[in-house]
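Trainee: Model the following, please.
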Amino acid sequence: MGFAGSSARTWDKADGAGPVTEADLAVNDLLHDTLRAARPSYGWLSEETEDSHARLDEEHVFIIDPIDGTRSFVEGTRTWAHAIAVAERGRITAAVVYLPMMDKLYAAATGGGATLNGKPIRASAVSALADACVLAARPAMEPQHWRDTTPDFKRAYRPSLAYRLGLVAEGRFDAMLTLRPSWEWDIAAGALIVSEAGGACTDRAGADLHFNNADPRLNGVVAGGAQVQAAMLASLAPT
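Mentor: As a prediction, this is how the structure comes out:
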């Protein structure tokens with residue numbers, strides 16, 4: 001938090017991959033040193049660490065986004081998050097998403113349910129898309145992405161994918177979607193939190209999410225309360 005806003009040195013990554021700050025790297029180093037010391041046999045996949053395919057040989061892998069929503073962080077707004085997950089043979093088994101500026105800590109473990117600041121949370125029970133409020137960027141609403149017409153649901157936006165998934169898990173929004181290829185570190189923690197909150201989380205084609213892939217990108221993400229998520233998948237154009 002001491003780095004937040006314009007006080008953090010910022011530069012652009014190569015190939016238009018977006019901004020990075022000295023805070024992203026400091027958080028990455030802290031998490032790497034702490035978590036790998038506790039679990040030295042685990043592999044490591046992080047947005048801010050040069051990737052190594054050595055992780056593919058490990059049964060357990062940490063999947064980390066040191067700061068999800070770096071642009072929000074640089075702008076001095078509150079909706080950036082730390083996202084930390086453990087994958088076991090491609091499935092997420094433990095996860096946290098923490099928003100320091102809002103003191104919101106989402107957490108989940110396989111079979112243990114999901115919590116926000118220690119209290120159980122549940123995803124939405126809304127079933128009809130017309131009644132839903134969905135977190136989505138404007139490009140996702142373009143007509144070519146939908147079977148017939150673009151659904152008439154309410155749309156909102158938050159810059160951090162991890163936070164969007166947390167908001168869906170706590171039922172403040174009914175669903176979220178991103179139709180672009182999505183980095184595993186943006187999704188891993190939130191996907192388990194949504195699932196353990198009783199929701200559903202798949203790629204844009206409805207396939208189960210698998211993590212620790214050689215190419216750590218997913219085919220978009222659609223998450224929500226179980227019924228509205230199914231309705232959204234049925235409305236999307238096939239890929």
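Trainee: Show me what the longest helix along the chain is packed up against.
Mentor: Scanning the chain for the helix with the most residues, using DSSP state H, yields helix 22-38. With contacts taken as 3 or more C-beta pairs under 8 Å, 6 or more residues apart in numbering; DSSP states H and E, helix 22-38 sits against strand 43-46, strand 60-68, strand 81-88. Quick note: C-beta positions are derived from backbone N, CA and C, even for glycine.
Trainee: rerun that using 10 Å as the cut-off
Mentor: For helix 22-38, the contact count by 3 or more C-beta pairs under 10 Å, 6 or more residues apart in numbering; DSSP states H and E identifies strand 10-12, strand 43-46, strand 60-68, helix 70-75, strand 81-88 as packing neighbours.
Trainee: Based on its surroundings, how many neighbours for Ala109?
Mentor: Close neighbours of Ala109, defined as other C-beta atoms under 10 Å, add up to 17.
Trainee: what's near enough to touch the nearest residue to Asn213 once chain neighbours are set aside?
Mentor: Using C-beta to C-beta, 6 or more residues apart in numbering and skipping residues adjacent in sequence, the residue nearest Asn213 is Glu184, 7.0 Å away. Residues near Glu184 by C-beta atoms under 10 Å, 6 or more residues apart in numbering: 45, 47, 61, 63-65, 85, 87, 92, 191, 209-213, 215-218.
Trainee: Check Ala108 too.
Mentor: Applying C-beta under 10 Å, 6+ apart, we find Ala108 in contact with 85, 92-97, 114-115, 121, 166, 169, 189-197.
Trainee: can you pull the pLDDT of it?
Mentor: Predicted confidence (pLDDT) for Ala108: 98.
Trainee: In a strand, it, correct?
Mentor: Yes: assessed with DSSP: H, G, I helix; E, B strand; the rest coil, Ala108 lies in a strand.
Trainee: can I assume Ala205 is in contact with Ala234?
Mentor: No: between Ala205 and Ala234 there is no contact under C-beta atoms under 10 Å: 11.9 Å.
Trainee: Spell out for me the ChimeraX command that would select the buried members of the contacts of Glu184.
Mentor: Applying 16 or more other C-beta atoms under 10 Å to the contacts of Glu184 leaves a buried subset, and the ChimeraX line that selects it is:
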select :45,47,61,63,64,65,85,87,92,191,209,211,212,216,218
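Trainee: Look up how far Met232 lies from Leu135.
Mentor: Separation of Leu135 from Met232 (C-beta to C-beta, to the nearest Å): 12 Å.
Trainee: Touching both of the two, which residues are there?
Mentor: Common contacts of Leu135 and Met232 (C-beta under 10 Å, 6+ apart): 174-177, 223-224.
Trainee: which of these sit farthest apart?
Mentor: Asp174 and Leu177 (11.1 Å; C-beta to C-beta).
Trainee: Compare these two (neighbour count), which wins?
Mentor: Asp174 (29 against 23).
Trainee: Show the contacting residues for that one.
Mentor: For Asp174, the contacting residues are 123-129, 131-135, 153-154, 167-168, 199, 224-225, 227-229, 231-232, by C-beta under 10 Å, 6+ apart.
Trainee: In terms of pLDDT, where does it sit?
Mentor: pLDDT, Asp174: 98.
Trainee: separation between it and Arg122?
Mentor: According to C-beta to C-beta, Asp174 and Arg122 sit 12 Å apart.
Trainee: Now do the shared contacts for those two.
Mentor: Common contact partners of Asp174 and Arg122 (C-beta under 10 Å, 6+ apart): 199, 225.
Trainee: Columns distance to Leu31 on top of the helices and strands packed on helix 22-38, output as TSV?
Mentor: What follows is the helices and strands packed on helix 22-38, written out as TSV (distance: least, C-beta to C-beta, whole Å):
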stretch	distance to Leu31
strand 10-12	20
strand 43-46	8
strand 60-68	6
helix 70-75	15
strand 81-88	7
